[in-house]
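Engineer: Just to be clear, the model below is a prediction. Sequence and coordinates:
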Amino acid sequence: MADLKVVGQPLPKADAAAKVIGAAVYADDIVLPRMLHSKLLRSPHPHARILSVDASAARRIPGVKGVLTGQDLPIRFGILPVSQDERALESEKVRYVGDPVAAVAAVDEETAAAAAEAIRVEYEVLEPVLSIEDALRQPGDERIHASRSLPANLHRLQSYEFGDLAAGWARAAHVREDLFFFQGNTHLPMEQHSAVGQWVDGRLTVWSSTQVVHYVHRALSKVLELPMNKIRVIGAAHGGGFGGKTDPFAHEIVVAKLAMVTGRPVKCTLTREEVFYAHRGRHPVLMWVKTGVDEEGRITAMHFRSALDGGAYGSYGAASVFYTGTLQTVTYDIPAYKFEGCRVFTNKPPCGPKRGHGTPQPRFALELHLEKLAEEIGMDAVELKRRNFMQPFTRAVNWLRVTSCGLEECAEKVLAASGYRTRERRPGRGQGFAISAYMSGAGTAIYWNGMPHSEVQLKLDRTGVTAYCGAMDIGQGSDAVIAQIVAEELGIQAADVRLVTADTDSTPIDLGSYSSRVTFMAGNAALEAARKMRALLDAAVDARAGVPFLEACELAETKWGALSTAGSYTPPRIGGPFKGSGVGPSPAYSYSAAVVDVDADARTGIVRVNKVWIAHDIGRAINPLLVIGQIEGSVYMALGEALMEEQTFRRQLGLHKWPSMLEYKSPTFVDTPEIESFLVETVDPEGPYGAKEAGQGPLLPVIPALNLAVHDALGVWIDETPVTPEKVLKALKDGRVGPKMFPAVPWPEPIIVEPPARDDMRVGAELEAAFPSA
Amino acid sequence: MAGLLNELDRPVDRRVLVLRVNGEDHQLLLPVHKTLLEVLREDLGLTGTKHGCELGECGTCTVLVAGEPQLSCLVLPVQLGGREVTTVEGLTAGSELTPLQRAFADLGAAQCGYCTPGMLLSATALLRSNPKPNATEIREALAGNLCRCTGYSKIVEAVELAASGRG
């Protein structure tokens, strides 16, 4: 692949020019004739029964054209088949401050807001459940979701054992246990969620700021009881997601229903405060980890426990629990591993997937834990970590298959560039080093289906080529990646590829822009479609070289009419022979390593980040400009989580403490340091041209590296996020800030899983044939 | 809660204003409480100006008023007194991108692009008052504009590139 011409070029995003002149049309920019505006009425209570809803006063207000209450939208939905626990508008009970109960459409936003407030809702207030500990106890009034089979407010409960734990503990020369807490935080996209619904002649169209048009399509079909072919979902230009726009939302369903009721287009744009309630952000997670190492510092066994504070609904939570336990084994080589994880319901906005979904928390815990272990046994922490690095082409104890792995090279790059080994040692100045791995797309779809995870269609005629792809460019530049792949194969420029993306009427299935899956999966689909089209074009010009592209297109259309080809990608079966093995497998893992350099002021507690060095094993950079953009954005977002961002609530009241951008602190230009990025290209055997993911992995090592840098500077341990000045000062007084106990959880008997052979690289039917017949 | 309802009952004070935006005069009949942000987007169809909070916290809705960066969500058109407003749509003369816009596009300073119009206007004002800013001056001048995608580095580089005249 030495002669790649378009792949590998640092080209601008496909829509870059439109975005710098203000021409890109985001969902809230859409204006349709006779369009109405909608507002949701949300619960003021964290936990309450709804006794009655009286919308008569709202209906009488001039300009009000439609009112919905829970009775109008009774069908439950949810992103995962196992968690169909949400309603667009609740009619029986509310579960967090901000839970929607009614909606209004009116001629303007002001009238809609006044009418929503004119709706009278009578509540019977129930005792709220606001912490992991409270959720594990029998509730005072009633459970948040009464129909669940697990006790108290437990949502999910998992327990697994991989490999011979007893032998691992017996072999250990040193064993250490630690407790950590990762605080919840939110995505804070600059764009507030927005959707527009239109109902014409029995057909519904919804434009939305979603990351996944397919999932919105499915939820609308279910809740509105409309067949899929009567609904079209279009992704508008996207103002930032980071995982926060991957669930279907109440406002998307409400604009559709209101459009059907009123016969007019309806828009709903959330206020910034409402965005904090829509949430689906980082789970707060309490973690306990115990690791044994032999005399050489090699891990012999690990036991990891996590308790996730899920908020009021399931969202992606059933998967999030697994993600807190599953990727430990693809970063470090762990011969025996036990994982116990639980998720609880609380009366707070639902948590879900944020960049790194469920893995930043255990990554934080593990990197600090191993550093502590190294200190305890008097070993260099970097050396201890390196001795346990996962190696390429290895099958982990929990059956996850690692192919390309540039961990060693990533570590060496940042250690050398930062001068970590020879860093200046003085109080107040420190560096921290950490590593990570992340998936290039989930190996299993979130709902059972046999369809490809991605398909790309190409249409070619005398006017050139158009690529149809269901993935949503959420700013990361996935459209440019698709165009570059098609252009590479057809021998044209990326700018000559027209794109139609994220429109359920015109684009084939794609599971959307999350899980770091688009380059790998839609990229492979585009590659297949483009290679087929190239063969047709070559035939059209009788394999003559040098025929100009548009001329070749005309020859092809003359010969056969307009052409279309399709390509698809379905990841092979990778997971092991056990229930729950579907979460964690990925066709390839990216790897990252980072060093963070800080000044930590013992007098004020203020931590200032001087510089971050980060190396990322991208497999191959299809567009290095966009890859670096993802890395720098990840580092920035990680520093926000590490230093200041937290979504927290007032005790008893369940009120969000700071649902505004002023009070929810996020890093500005002056808080964000210089970031030096290194790309490591391991050329993965299954990625398109060898490419892997870039959007999430680089966030992961930065958070623990920041805490380790503070430890390096001041000698204290801050075993939770974020590292605020207050915590630094407290740690200087007490030596450590962090959780003191892990609550009692009724862990079930573990599922015992026989580990695979370390060199077993089989996938798909070949792998399944080797499974023991249970 | 009753507050909003009472607002609806009360006669709204409306004024006829001439608003000069991007070199064009617009005669408008506006409720006095309507913000410049709302007027630009809803009455003039200039949706290039975005909003992230409508409370003056994020910088997304930045426009220039008589050349100075202002948060359009906190400005009432009745306060303008004839001063000219420049939005992202008014940065170019014709179809050529300005060096700043070109640099933002080429260097990846716009990812989701939602904060980009506000960034461009803050940066335009900076380059007018300080044509050769260093990185620290750029960071300080733009510190009121939040971005969640880029980590800010590419934006600083884009402003530097535009200032260098090489862009």
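Structural biologist: Everything's here; your move. Numbers count the residues shown, from 1 in each chain, chains lettered A, B, ... in the order given.
Engineer: any chance you could map the strands in chain B?
Structural biologist: B:14-21, B:24-31, B:62-65, B:68-71, B:85-86 (DSSP state E).
Engineer: Residue 117 - how many residues pack around it?
Structural biologist: Reading this off chain A. 18 (other Cβ atoms under 10 Å in any protein chain shown). No exception for glycine: its C-beta is placed from N, CA and C like everyone else's.
Engineer: sorry, should have said chain B
Structural biologist: 29.
Engineer: Residue A:339 now?
Structural biologist: Based on other Cβ under 10 Å, the number of other residues close to residue A:339 is 26.
Engineer: Next secondary structure after the helix or strand that contains it?
Structural biologist: Element membership for residue A:339 (DSSP states H and E) is strand A:337-344. Using DSSP H and E, the helix or strand that follows strand A:337-344 in sequence is helix A:360-377.
Engineer: moving C-terminal of that following helix, what's the next helix or strand?
Structural biologist: helix A:381-387.
Engineer: Sheet partners, orientation included, of the strand holding residue A:339?
Structural biologist: strand A:154-162 (antiparallel), strand A:299-309 (parallel) (DSSP bridges).
Engineer: Now the terminal residues of stretch A:717-728, how far apart.
Structural biologist: Taking Cα to Cα, to the nearest Å, the first and last residues of stretch A:717-728 lie 9 Å apart.
Engineer: Quick one: mean pLDDT over that stretch.
Structural biologist: Averaging pLDDT along stretch A:717-728 gives 98.
Engineer: any idea of the pLDDT on residue B:167?
Structural biologist: 62.
Engineer: Determine which of the strands of chain B approaches residue A:558 most closely.
Structural biologist: strand B:24-31 (48.4 Å; Cβ to Cβ).
Engineer: The strands of chain B: which one's closest to residue A:527?
Structural biologist: strand B:62-65 (41.3 Å).
Engineer: helices and strands of chain A: which one bottoms out on pLDDT?
Structural biologist: helix A:764-770 (a mean of 93; mean pLDDT, DSSP states H and E).
Engineer: which residues touch that one?
Structural biologist: Helix A:764-770 has contacts (Cβ atoms under 8 Å, 6 or more residues apart in numbering or on different chains) with A:572-574, A:760, A:762.
Engineer: tally of neighbours for the one residue in chain B that gets nearest to chain A?
Structural biologist: Going by Cβ to the nearest Cβ, chain A is nearest to residue B:48 of chain B, at 2.0 Å. Using other Cβ under 10 Å, residue B:48 has 24 neighbouring residues.
Engineer: Spit out the contact partners of it.
Structural biologist: Residue B:48 neighbours (Cβ under 8 Å, 6+ apart): A:21-23, B:87-89, B:117.
Engineer: ok, now with 7 Å
Structural biologist: With contacts defined as Cβ atoms under 7 Å, 6 or more residues apart in numbering or on different chains, residue B:48 is in contact with A:22, B:87-89, B:117.
Engineer: isn't residue A:722 right next to residue A:647, touching?
Structural biologist: No. Look at residue A:722 against residue A:647 with Cβ atoms under 7 Å: they stay out of range, at 11.0 Å.
Engineer: what does the domain assignment say about the chain?
Structural biologist: Assuming you mean chain A. According to automatic domain parsing, chain A comprises the domains A:34-126+A:190-240+A:245-278, A:285-444+A:578-737, A:451-569.
Engineer: oops, I was thinking of chain B
Structural biologist: Split by automatic domain parsing, chain B gives B:13-90, B:99-164.
Engineer: most neighbours per residue, which of those domains?
Structural biologist: Across these, averaging neighbours per residue (mean count of other Cβ atoms under 10 Å in any protein chain shown) puts domain B:99-164 on top, at a mean of 23.
Engineer: next one: that domain to chain centre, how far?
Structural biologist: 13 Å (Cα atoms, centre = their mean, to the nearest Å).
Engineer: What mean pLDDT does the lengthiest helix in chain B get?
Structural biologist: Criterion DSSP state H: the longest helix present in chain B is helix B:116-129. Average pLDDT, helix B:116-129: 98.
Engineer: The one residue in the stretch 601-750 of chain A that gets nearest to chain B - nearest residue in space that isn't next to it in sequence?
Structural biologist: Nearest residue of the stretch 601-750 of chain A to chain B, counting by Cβ to the nearest Cβ: residue A:636, 3.3 Å away. Distances taken as Cβ to Cβ, 6 or more residues apart in numbering or on different chains place residue B:151 nearest to residue A:636, at 3.3 Å, with adjacent residues excluded.
Engineer: check contacts around the one you found.
Structural biologist: A:632-633, A:635-636, A:672, A:675.
Engineer: Let me know how buried the closest residue in space to residue A:514 that isn't next to it in sequence is, in neighbour terms.
Structural biologist: With sequence-adjacent residues excluded and distances taken as Cβ to Cβ, 6+ apart, residue A:514 is closest to residue A:246, at 4.5 Å. Using other Cβ under 10 Å, residue A:246 is surrounded by 28 other residues.
Engineer: Just to be sure, residue A:246 is in a helix?
Structural biologist: No. Per DSSP: H, G, I helix; E, B strand; the rest coil, residue A:246 lies outside any helix segment and is coil.
Engineer: Now it, what are its backbone angles?
Structural biologist: Residue A:246 adopts backbone torsions of phi -100, psi -20, taken as degrees, to the nearest 10.
Engineer: With the one 4 residues further on instead?
Structural biologist: Per-residue torsions, residue A:250: phi -50, psi -40 (degrees, to the nearest 10).
Engineer: give me the number of residues near it?
Structural biologist: Neighbours around residue A:250, by other Cβ under 10 Å: 29.
Engineer: Also residue A:383?
Structural biologist: Around residue A:383 there are 12 residues (other Cβ under 10 Å).
Engineer: Could you do residue A:605 as well?
Structural biologist: Residue A:605 has 19 nearby residues by other Cβ under 10 Å.
Engineer: Could I get the contacting residues of it?
Structural biologist: A:725-726, A:728-729.
Engineer: could you give the mean pLDDT of stretch A:598-611?
Structural biologist: pLDDT averaged over stretch A:598-611 gives 98.
Engineer: can you give me the end-to-end distance of it?
Structural biologist: With Cα to Cα, one end of stretch A:598-611 sits 7 Å from the other.
Engineer: Next, format the strands of chain B as a markdown table and append mean pLDDT.
Structural biologist: Below are these laid out as a markdown table (pLDDT from 0 to 100):
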| stretch | mean pLDDT |
| --- | --- |
| strand B:14-21 | 96 |
| strand B:24-31 | 96 |
| strand B:62-65 | 98 |
| strand B:68-71 | 98 |
| strand B:85-86 | 98 |
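Engineer: For residue A:363, give its distance to residue A:385.
Structural biologist: 12 Å (Cβ to Cβ, to the nearest Å).
Engineer: The nearest residue to residue B:83 once chain neighbours are set aside and residue B:137: what is the separation?
Structural biologist: Closest residue in space to residue B:83, ignoring its immediate chain neighbours: residue B:66 at 4.2 Å, by Cβ to Cβ, 6+ apart. Using Cβ to Cβ, residue B:66 is found at 22 Å from residue B:137.
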